[in-house]
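> structure, please.
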Amino acid sequence: MHSNKMIMKHPLSVRIFHYLLIISFLPLAATGLILYFKPLAETGMNQAMQLHVVAGVLLTLDAVAFFLIGFERTVLFVKRAFSISVNDFKWFVILGGYPQKFLLHKKVPVPPMGKYNSGQKLFGVCVLIGGTILIGTGWILWAFPHNMPRETVALLGHAHTIAALVLTIFLPVHLFLGVYMFDDFKAMFLHGKIPYEEAKEMAPLWVKNEVIPLDQ
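Residues are numbered from 1 along each chain as shown. The predicted structure follows:
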């Protein structure tokens, strides 16, 4: 849906954080799979580990910088991601209507959503918790593996692997739906704005409660 009326959804600080998140997490996911399955010779595995560490440093700097500079937005995102209502359960019952669209070419009523739909909120929770686990365990395993009991190192390794696999599995779904919702995709990567009418349809509670009306 297109409209000449546009509203800001993703400010510049959020877009920059997202750019750096992509630049760091994609190499982390790729090298993480290589390190897990070990398909390369020793030289290739060492190079994969070096790239993994560099990408991990970038991810850490990105997360810490956004937390400090965009603290208010971080708090707001956490509040939105962890908010649960009856509409969220109804959304998951029909999976946001996406299976009906893709498989049956049929549009079904979807419970009204806020700025983020229930699937995006679940992904946000996974990113917040999983990302924290990845960064914390990653630094410990890299910097202090010989200063801890073997059992502790193994436990941290398992936590690191599980968090990485969950986020990596979520990634293709997130990318596919991100491109499918093309106006939101352009907003995140380009100008930050989406059509007002589309926002009213996709996120009516956000428009109603937080956006200045543009209908008049």
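
> any idea which helix or strand in the chain has the lowest mean pLDDT?
helix 182-186 (a mean of 88; mean pLDDT, DSSP states H and E).

> so what does it touch, helix or strand wise?
The helices and strands touching helix 182-186, judged by 3 or more CB pairs under 8 Å, 6 or more residues apart in numbering; DSSP states H and E, are helix 150-180, strand 193-195. All C-beta spots, glycine's among them, are computed from the backbone N, C-alpha and C.

> so which of those gets nearest residue 9?
Closest approach to residue 9 among the helices and strands packed on helix 182-186 (CB to CB): strand 193-195, 5.0 Å.

> how far off centre is that closest one?
20 Å (CA atoms, centre = their mean, to the nearest Å).

> buried sites along whichever strand or helix holds residue 134?
Here residue 134, judged by DSSP states H and E, is contained in helix 118-143. The neighbour-count check on helix 118-143 (16 or more other CB atoms under 10 Å) flags 118-124, 126-128, 130-131, 133-135, 137-138, 140 as buried.

> ok but residue 148 is inside a strand, no?
No. Using DSSP: H, G, I helix; E, B strand; the rest coil, the assignment for residue 148 is coil, not a strand.

> so who does it touch?
Contacts for residue 148 (CB atoms under 8 Å, 6 or more residues apart in numbering) come out as 140, 156.

> give me the pLDDT for it.
Looking at residue 148, its pLDDT is 88.

> what mean pLDDT does the strand or helix carrying residue 57 get?
Residue 57 is part of helix 42-69, with elements assigned from DSSP H and E. The average pLDDT for helix 42-69 rounds to 94.

> can you name every helix or strand that that helix contacts?
Checking 3+ CB pairs under 8 Å, 6+ apart, helix 42-69 ends up next to helix 12-37, helix 71-81, helix 118-143.

> save these as JSON lines, and put in distance to residue 108 too.
Converted to JSON lines, these look like this (distance: least, CB to CB, whole Å):
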{"stretch": "helix 12-37", "distance to residue 108": "30"}
{"stretch": "helix 71-81", "distance to residue 108": "24"}
{"stretch": "helix 118-143", "distance to residue 108": "15"}
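
> out of those, flag the one nearest residue 186.
For residue 186, the closest of the helices and strands packed on helix 42-69 is helix 12-37, at 11.1 Å, according to CB to CB.

> average model confidence for the closest one?
Averaged across helix 12-37, the pLDDT comes to 93.

> for residue 97, which of the helices and strands packed on helix 42-69 is the nearest?
Among the helices and strands packed on helix 42-69, helix 118-143 sits nearest to residue 97 (CB to CB), with 10.8 Å.

> and the closest one, what does it pack against?
Looks like helix 118-143 contacts helix 42-69, helix 71-81, helix 86-94, helix 150-180 (3+ CB pairs under 8 Å, 6+ apart).

> nearest to residue 189, out of these?
helix 150-180 (9.2 Å).

> returning to what we had before: show me the one of the helices and strands packed on helix 118-143 that comes nearest residue 210.
Of all these, helix 71-81 comes closest under CB to CB, at 10.2 Å.

> gap between the closest one and the chain center?
13 Å.

> give me the contacts around it.
Here helix 71-81 makes contact (CB under 8 Å, 6+ apart) with 11, 13-14, 66-67, 114-116, 121, 124-125, 128.
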